[in-house]
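>>> My questions are about this predicted structure, shown below with the sequence.
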Amino acid sequence: MVTRADIEAKAKQIEDALQETKQAAKTSAVWLAVGVVAIVAFAFIFGRRKGKEGKAVVEVYRV
């Protein structure tokens, strides 16, 4: 026979497992967001530098 205490204990186990999973997912999401921001910032900074180096001036004269 299943008692009320058995059901409550199982519900508590499930709740604890969900909390652990939630915390792990939050941590992973934060690190992923930090990585994406770092990559975008890196590309922006070095892209601007590269763009300034290779400017070509083209003059067109109409005869």
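That came through fine.

>>> Please give the element, helix or strand, for Val37.
Per DSSP states H and E: Val37 is located in helix 4-53.

>>> What average pLDDT does that helix get?
Here helix 4-53 scores 90 as its mean pLDDT.

>>> next one: it to chain centre, how far?
Taking the mean of its C-alpha atoms, helix 4-53 sits 6 Å from the chain's own mean (CA atoms, centre = their mean, to the nearest Å).

>>> Then stretch 2-14?
Distance of stretch 2-14 from the chain centroid (CA atoms, centre = their mean) equals 36 Å.

>>> Just the CA atoms of that stretch, as PDB, please.
C-alpha atoms of stretch 2-14 as PDB (Å, rounded to 0.1, in the frame of the first residue of the first chain):
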ATOM      1  CA  VAL A   2       1.200   3.500  -0.900                       C
ATOM      2  CA  THR A   3       1.100   6.000   1.900                       C
ATOM      3  CA  ARG A   4       0.900   9.700   1.900                       C
ATOM      4  CA  ALA A   5       4.500   9.900   3.200                       C
ATOM      5  CA  ASP A   6       5.700   7.900   0.200                       C
ATOM      6  CA  ILE A   7       4.000  10.200  -2.200                       C
ATOM      7  CA  GLU A   8       5.400  13.300  -0.500                       C
ATOM      8  CA  ALA A   9       8.900  11.900  -0.400                       C
ATOM      9  CA  LYS A  10       8.800  11.100  -4.100                       C
ATOM     10  CA  ALA A  11       7.400  14.600  -4.900                       C
ATOM     11  CA  LYS A  12      10.200  16.100  -2.900                       C
ATOM     12  CA  GLN A  13      12.800  14.000  -4.900                       C
ATOM     13  CA  ILE A  14      11.300  15.200  -8.200                       C
END
